[in-house]
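1. What follows is a predicted protein model with its sequence.
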Amino acid sequence: MNIQQVFNAISYRIVESTPFLYHCFGANEPRSYSFSNKNNEPCGSFVADAAGRVYELSVDNGAYDDDKTRCYRWVDPDFEEALFAEIREHDSDPTIAWDEVKYIEIEVEEDILTKTQAICNGLIFDTRIITPVDLTDQEFLMISKMAHERDITLNQMVEHIISEVIMVEKEKQKNLTIPAQGKKFSSF
């Protein structure tokens with residue numbers, strides 16, 4: 001991702017720029033930039049270097065109640081592991097945005113840029129995240145046939161399959177037992 005894409009998404013509403021003090025993004029002297037929404041309320045930040053490479057972008061929807069708060073974050077995949085390791089070195093949890101609010105991790109640049117632009121301009125946006133899925137030709141055909149049989153789109157079928165897998169995994173975790181102690185965990 002480059003800085004021009006972010007500037008376009010936030011309509012050049014930079015509020016502040018400070019040196020980024022972690023070292024995980026290399027020696028290119030990255031800076032952290034804060035930006036605001038159309039009402040001049042803070043709504044996110046990004047880290048970029050002088051060459052215009054963006055390493056991290058986060059944006060929150062400004063709804064500070066438990067049910068509606070969303071803080072989305074995209075991290076350059078080349079630096080994600082290094083960033084999370086450095087955050088842990090500072091005794092912090094890389095999944096936490098603030099207080100008890102967890103980041104919603106975004107993998108697709110287009111997705112974070114679309115959400116950022118919508119949040120900055122007070123627009124309604126799709127809160128679901130785009131998830132890249134790699135399928136073999138055989139898997140693609142099999143899922144396409146399943147979708148056809150149910151008279152739904154391929155995307156709806158993939159979404160259904162992913163939802164079922166998540167449900168099964170949550171159920172497994174809910175019933176997780178520690179063999180040595182025989183204790184059951186209701187959830188994590």
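-> Yep, that arrived.

2. how much space between residue 61 and residue 11?
-> For residue 61, the distance to residue 11 equals 17 Å [Cβ to Cβ, to the nearest Å]. C-beta here means a position set from N, CA and C on the backbone, and glycine is covered the same way.

3. Those two: which has the busier surroundings?
-> residue 61 (19 against 13; other Cβ atoms under 10 Å).

4. Residue 70 is in contact with that one, correct?
-> Yes - under the criterion of Cβ atoms under 8 Å, residue 61 makes contact with residue 70 at 4.8 Å.

5. residues in contact with the spatially most central residue of the chain?
-> For the chain, the residue nearest the mean C-alpha position is residue 105 (2.0 Å; Cα atoms, centre = their mean). Residue 105 is in contact with 73-75, 129, counting by Cβ atoms under 8 Å, 6 or more residues apart in numbering.

6. Tabulate the residues you listed in CSV, adding columns for secondary structure, distance to residue 117 and neighbour count.
-> Formatted as CSV, those follow (DSSP: H, G, I helix; E, B strand; the rest coil; distance: Cβ to Cβ, whole Å; neighbours: other Cβ atoms under 10 Å):
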residue, secondary structure, distance to residue 117, neighbour count
73, strand, 16, 21
74, strand, 13, 26
75, strand, 19, 24
129, coil, 16, 14
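
7. could you dump these to TSV with pLDDT and distance to residue 43?
-> Below are these laid out as TSV (pLDDT from 0 to 100; distance: Cβ to Cβ, whole Å):
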residue	pLDDT	distance to residue 43
73	97	13
74	97	15
75	97	18
129	86	18
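
8. does residue 117 really touch residue 6, like I thought?
-> No - here residue 117 does not reach residue 6: they are 9.7 Å apart, not a contact under Cβ under 8 Å.

9. These two: which is more packed in?
-> Between residue 117 and residue 6, counted using other Cβ under 10 Å, the more crowded position is residue 6 (24 against 18).
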